[in-house]
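*Asks:* Curious how this folds, go ahead:
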Amino acid sequence: MKQLLDTRGSVVCGHHVLMSKLKENPASIKVILIDKDRKTKRLNELVKLASTKNVRLEFVASHNLDMTADGEKHYGAIAYVNLENNKSIPLETLISTKDNPLLLVLDGVTDGRNLGACFRVGEAFGVDAIIVPKNRSASLSSGVLKAASGSADRVNFIQVTNLARTLSSIKSKGIRIVGFSNSAAAQLPSCDLSMGVALVFGGEGQGLRRLSRELCDDLIIVPMSGQVESLNISVAVGIALYECWGQRFIQKK
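*Replies:* Prediction:
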């Protein structure tokens, strides 16, 4: 998905994304453009919430929205947002205040749709933060927000300059570093994920980088049957997080 830019900020569209922005981070919204001729329950809901949050609204012709969206489906509403205005807390603070934190580390995931999907499964299974390197990695964009469908406003997102140094720091706090590799011998269900843990996944195609791999306490593989060689990164992340969630909550009941 392309990131649409304007002098007023990045262009974001989609009902779930805009509603989430209004609920979680209205200060990040510069203005919302509304189709002046379209009357739907969802648009009315959006306008009402924006008014209560004191977010600026502009009612425009439908063709203006079409031009601004540049081919993206907007369903009658588009927002200009500041993508950098997020409410993530520092990693050190998160680790010191959370019991048995669950961290998701993405080492070089470059596809924004995959990052957005990781936000969704991350929220679904209780991830405390998603950590990515600042370089050679997808970051917050209009496409990521759309794929995340609101979850990017509810999961801490931390970009770090040196991922290896960050993993070393996490490890020094007693958090187990578990890396996922197609060449690992141990399988996912055999790994204890009930304590504080950072799950580390490599990028599309190349997998874990050497330094990240060397810092892992465990290397495991998501077991598969049939002739499937690999899974989409967000699918593998979802399976791993479900196993982690099951070990932490279901087995304790």
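
*Asks:* any idea which residue sits dead centre in the protein?
*Replies:* Nearest to the mean C-alpha position of the chain, by Cα atoms, centre = their mean, lies Phe119 at 2.7 Å.

*Asks:* Distance-wise, check that residue relative to Leu46.
*Replies:* 21 Å (Cβ to Cβ, to the nearest Å). Using the backbone N, CA and C atoms, a C-beta is placed for each residue, glycine as well.

*Asks:* same question, Met19
*Replies:* Taken as Cβ to Cβ, the span from Met19 to Leu46 is 7 Å.

*Asks:* And these two? Which one has more around it.
*Replies:* Counted by other Cβ atoms under 10 Å, Met19 and Leu46 do not tie: Leu46 has more neighbours, with 23 against 19.

*Asks:* Phi, psi for the more buried one please.
*Replies:* Dihedral pair for Leu46: phi -70, psi -50, per degrees, to the nearest 10.

*Asks:* contacting residues around it?
*Replies:* By Cβ atoms under 8 Å, 6 or more residues apart in numbering, Leu46 lies in contact with 15, 18-19, 22, 32, 34, 77.

*Asks:* Can you get me a residue count around the closest residue to Ser139 other than its chain neighbours?
*Replies:* With Cβ to Cβ, 6 or more residues apart in numbering as the criterion, Ser139 has its nearest non-adjacent residue at 6.5 Å, and that residue is Gln159. Residues within reach of Gln159, counting by other Cβ under 10 Å, total 15.

*Asks:* How is Gln159 assigned, secondary-structure-wise?
*Replies:* Secondary structure, DSSP: H, G, I helix; E, B strand; the rest coil: Gln159 is strand.

*Asks:* Beta-bridge partners for it, please?
*Replies:* Bridge pairing for Gln159 (DSSP bridges) gives the partners Val132.

*Asks:* Does it touch Ile130 like I think?
*Replies:* No. Using Cβ atoms under 8 Å, Gln159 makes no contact with Ile130, being 9.6 Å away.

*Asks:* count of neighbours near Gly126?
*Replies:* Count around Gly126 with other Cβ under 10 Å applied: 13.

*Asks:* is it true that it touches Leu104?
*Replies:* No. Counting by Cβ under 8 Å, Gly126 stays clear of Leu104, with 10.4 Å between them.

*Asks:* Could you tell me which residues touch both of these two?
*Replies:* Joint contacts of Gly126 and Leu104 (Cβ under 8 Å, 6+ apart) are Leu241.

*Asks:* coming back round to it: mind listing which of the contacts of Leu46 are in strands?
*Replies:* Per DSSP state E, strands hold the following members of the contacts of Leu46: 32, 34, 77.

*Asks:* This completes my enquiry, with thanks.
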